[in-house]
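**Q** Got a sequence here, can you model it:
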Amino acid sequence: NQVPVSILINGNGRTGEYINTGEDAEITKHLKGKGGSFQLKKNKYFDRNNFKTNYEECIIGEPGRTYRFRVIGAISQNFPLRLSIDDHKFTAIAMDSRKIEPVPYLTDLWLAAGERYDIVVKTKRAYNKSGEAFKIKVFGYTNQYNHSAGGLCTIAWLKYPGQTIDYNYVPDSACTDFDHLSPLRLRTLNPVPNNYAAWKNRIQYPNWKNPSKPGDIFIADLREPKSKSKSTINNLANTQYIEFDGSITFNGLRMSYPPVPFLLQDPADKTDRCGSTCNGQPPKTKCTTKNPANCSANDYCNCQHVVKEPLVRDGWVEIVLVNNNQGAAAHPIHQHGGWYWVVGEGQYNHNINSSFIRHQDKINKISRNLHNPPPKDTIQVPPGGYAIIRTKLDNAGTWIFHCHINYHVTIGMAMVLQVGELKRQDWSTGPLQRNVECETPPPPPRGGPTTIYWFYGMENAERCVTPGMTVTFNWVNKDHNVNTVPEADYDSCNVNNPTPYAGDCIWLAPMLDGSVPETYYFACGRHYNSTRSLGYHCHYGGMKAKIHVRSVCP
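**A** I've put the predicted structure just below:
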């Protein structure tokens, strides 16, 4: 069951008297980052007189001093979390491990998957020494566009000397005391950027330096404290546009991985590569774009998506991330191997695409801040909007660049940013041998030619194998099953087998009767609706596969 039921702080927390439950279709929406609507059911394990766990306790040993908290968004789904501290304000001093100009007098902070913030709290000298400890509150919505669908909440205790802790405390299922702050007093850092009105009415730099000014503060309006030369960050090699068109891809390309890691290829194997290759020194860098011949213009393409840039110690590459559709996830895009600097961000009240943003840029409707832009390695890209980031080209290697929502990166919303070339000795491979395949083959988005990743929310699978080959249906938990079915039942998902078992399931392709190809059909039979003659895992979860057995596969 992948319904969200609790939030943990440093591994500590509790589930309440009621927990979320939902239909398979809503679970799928949640896993795909579109937000699910859930109902509450009685938690059969809840026992108010026999809790097995407690909440995290943060001890204030010296009241009146300033304490630093490092807040890490260890989140795997599209489930941003908001942090606030009862009767305390705080100052943000760093994000994603890099210093920023301090943002003072904050009431709350939002974090998406992969984001980190350092905050400092000036603790109180005067407080109720016999009262209850203060609550650090963490809250998130199960659906970012429908807050009435409910949420989850948890706490940690901020305990001063003499204060008590209520070890029987559990938030109620409606989180009624978690959204009590008056909007007129809120100073919110990094709200989920899916509200055009909030973006238009945000507190811009440097107005947020006034601690009495309420409102939302977005990433583009933050600053790095030290001076970064405009001429340095403007030494631009080229600009890349990466579009999210709703297919959970970058530019319609779904990432697959080579048997030999990119880092160890000498020379580079470009057979299945796609993306851009850029050579030369800025500002005269020239780029060419390649897609494999088997890619269709009408569908996304599975390929090894690489943006190759030259190693230029004082050069930068600019990437414009374009999130086309209102109502989409605010994809948290994470870069490995270093930081980028956010030089621009914007949002519209209508759907957009890469061509629209290019035109707006051409007519100077899109601005860039090159004076101390904020550094980050994860940023939420506004739906119906864009973020412009610049990465310094001084760290040679092959660096994964991906959406931090689990489902999205698993099915290939990723690429590799390659800086430099191994053949030029731009990086060292250490004790690793070049051109050696990994012992475990890398997982392609849909599974390899003889592997099908079998999970709720998958896309229908189709494979071609030759007689005698095996096909592995791969999953872990005892949640699913695999059934051979007639074509008509495959099409209608009229499949009923309530018994789950843990994977793998291995199917052996039979010998052919002559050279006539044959096709076999498979589906998961869990959660059958007899009234509709419909298997929910098959119909709503996409859990069905078609396997062609031929003498020769294309």
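
**Q** May I have stretch 7-17 exported as PDB, CA atoms only?
**A** The C-alpha trace of stretch 7-17 is given here as PDB (Å, rounded to 0.1, in the frame of the first residue of the first chain):
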ATOM      1  CA  ILE A   7       5.600  12.100   8.200                       C
ATOM      2  CA  LEU A   8       8.700  11.200  10.100                       C
ATOM      3  CA  ILE A   9      11.300  13.700  11.600                       C
ATOM      4  CA  ASN A  10      14.700  12.000  12.000                       C
ATOM      5  CA  GLY A  11      12.800   8.700  11.800                       C
ATOM      6  CA  ASN A  12      10.400   9.600  14.600                       C
ATOM      7  CA  GLY A  13       6.600  10.100  14.400                       C
ATOM      8  CA  ARG A  14       3.200   8.500  14.900                       C
ATOM      9  CA  THR A  15       0.200   7.500  12.800                       C
ATOM     10  CA  GLY A  16      -3.000   8.800  14.200                       C
ATOM     11  CA  GLU A  17      -6.400   7.400  15.100                       C
END
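
**Q** List the buried residues in that stretch.
**A** By neighbour count on 16 or more other Cβ atoms under 10 Å, the buried set for stretch 7-17 is I7, I9, G13, R14, T15, G16. No exception for glycine: its C-beta is placed from N, CA and C like everyone else's.

**Q** Contacts for it next, please.
**A** The contact list for stretch 7-17 (Cβ atoms under 8 Å, 6 or more residues apart in numbering) reads 5-6, 42-43, 45-46, 48, 51, 53-56, 81, 136, 138, 140, 152-156, 170-173.

**Q** P80 contacts L109, doesn't it?
**A** No. In this structure P80 lies outside contact range of L109 using Cβ atoms under 8 Å: 10.4 Å.

**Q** all helices for the stretch 201-350 of the chain, in order.
**A** Along the stretch 201-350 of the chain, counting by DSSP state H, counting those that start in this stretch, helices occupy 230-233.

**Q** And the strands in it, which stretches?
**A** Listed in chain order, the strands of the stretch 201-350 of the chain (DSSP state E, counting those that start in this stretch) span 215-217, 236-244, 253-255, 273-279, 286-290, 301-309, 316-323, 332-335, 340-347.

**Q** likewise the stretch 451-554 of the chain?
**A** 451-453, 461-465, 470-474, 483-485, 505-508, 518-523, 528-529, 534-535, 544-549.

**Q** check contacts around the nearest residue to W316 once chain neighbours are set aside.
**A** Of all residues not flanking W316 in the chain, R390 sits nearest, at 4.6 Å (Cβ to Cβ, 6 or more residues apart in numbering). Shown in contact with R390 (Cβ under 8 Å, 6+ apart): I233, L236, W316, V317, E318, I319, Y340, W341, V343, P373.

**Q** Correct me if wrong: T164 contacts F134.
**A** No. The pair T164 and F134 fails to qualify as a contact (Cβ under 8 Å) at a distance of 11.6 Å.

**Q** who has more neighbours, those two?
**A** F134 (23 against 11; other Cβ atoms under 10 Å).

**Q** Could I get the pLDDT score of that one?
**A** With respect to pLDDT, F134 has a value of 97.

**Q** beta partners for it?
**A** L158 (DSSP bridges).

**Q** Okay, it and Y127: tell me how far apart.
**A** Relative to Y127, F134 is positioned 8 Å away (Cβ to Cβ, to the nearest Å).

**Q** overlap in contacts of these two?
**A** Joint contacts of F134 and Y127 (Cβ under 8 Å, 6+ apart) are Y160, Q163.

**Q** Return the distance of the residue nearest to R202 when sequence neighbours are not counted relative to Y540.
**A** In space, and not counting its chain neighbours, R202 is closest to D216: 4.8 Å by Cβ to Cβ, 6+ apart. Distance from D216 to Y540, counting by Cβ to Cβ: 36 Å.

**Q** Ok, Y196 next?
**A** Taking Cβ to Cβ as the measure, Y196 falls 31 Å from Y540.

**Q** Neighbour count: those two, which is higher?
**A** Using other Cβ under 10 Å, the more surrounded residue of Y196 and Y540 is Y540, with 20 against 17.

**Q** Contacts only, for the more buried one.
**A** Per Cβ under 8 Å, 6+ apart, neighbours of Y540: E23, D24, A25, T28.

**Q** Who wins on neighbours among these?
**A** The residue in these with the most neighbours, by other Cβ under 10 Å, is T28 (21 neighbours).

**Q** what are the phi and psi angles of that one?
**A** According to degrees, to the nearest 10, the main-chain angles of T28 amount to phi -60, psi -40.

**Q** Now it: closest residue in space that isn't a chain neighbour?
**A** Distance criterion Cβ to Cβ, 6+ apart; nearest residue to T28, sequence neighbours excluded, is G457 at 4.6 Å.

**Q** correct me, but the one you found touches C524?
**A** No. Using Cβ under 8 Å, G457 is not in contact with C524, being 11.7 Å away.

**Q** Select the helix or strand of the chain having the lowest average pLDDT value.
**A** helix 230-233 (a mean of 70; mean pLDDT, DSSP states H and E).

**Q** Can you report how many residues lie near H404?
**A** Residues contacting H404 under the criterion other Cβ under 10 Å number 22.

**Q** Quick check: the gap between it and T410.
**A** 11 Å.

**Q** Same question for F178.
**A** 31 Å.

**Q** Count the neighbours of the closest residue to R185 other than its chain neighbours for me.
**A** For R185, ignoring the flanking residues on the chain, the nearest one in space by Cβ to Cβ, 6+ apart is P214 at 5.9 Å. Neighbourhood size, P214 [other Cβ under 10 Å]: 16.

**Q** what ranges do the helices span in the stretch 351-500 of the chain?
**A** Per DSSP H, counting those that start in this stretch, the stretch 351-500 of the chain carries helices over the ranges 354-362, 406-410, 487-492.

**Q** Packing partners of the shortest one?
**A** Packing contacts for helix 406-410, counted by 3 or more Cβ pairs under 8 Å, 6 or more residues apart in numbering; DSSP states H and E, involve strand 397-403.

**Q** Average pLDDT for the strand it packs on, rounded please.
**A** 97.

**Q** Pull out the buried residues from it.
**A** In strand 397-403, counting by 16+ other Cβ under 10 Å, buried: G397, T398, W399, I400, F401, H402, C403.

**Q** And the second one, how close does it get to L186?
**A** For T398, the distance to L186 under the criterion Cβ to Cβ works out to 42 Å.

**Q** How about the last one?
**A** Spatial separation of C403 from L186 under the definition Cβ to Cβ is 28 Å.

**Q** hang on, the earlier thing: is it possible to export the strands of the stretch 201-350 of the chain to TSV including distance to N494?
**A** Listed next are the strands of the stretch 201-350 of the chain as TSV, based on distance: least, Cβ to Cβ, whole Å:
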stretch	distance to N494
strand 215-217	50
strand 236-244	36
strand 253-255	30
strand 273-279	39
strand 286-290	44
strand 301-309	30
strand 316-323	38
strand 332-335	39
strand 340-347	45
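
**Q** Lovely, talk soon.
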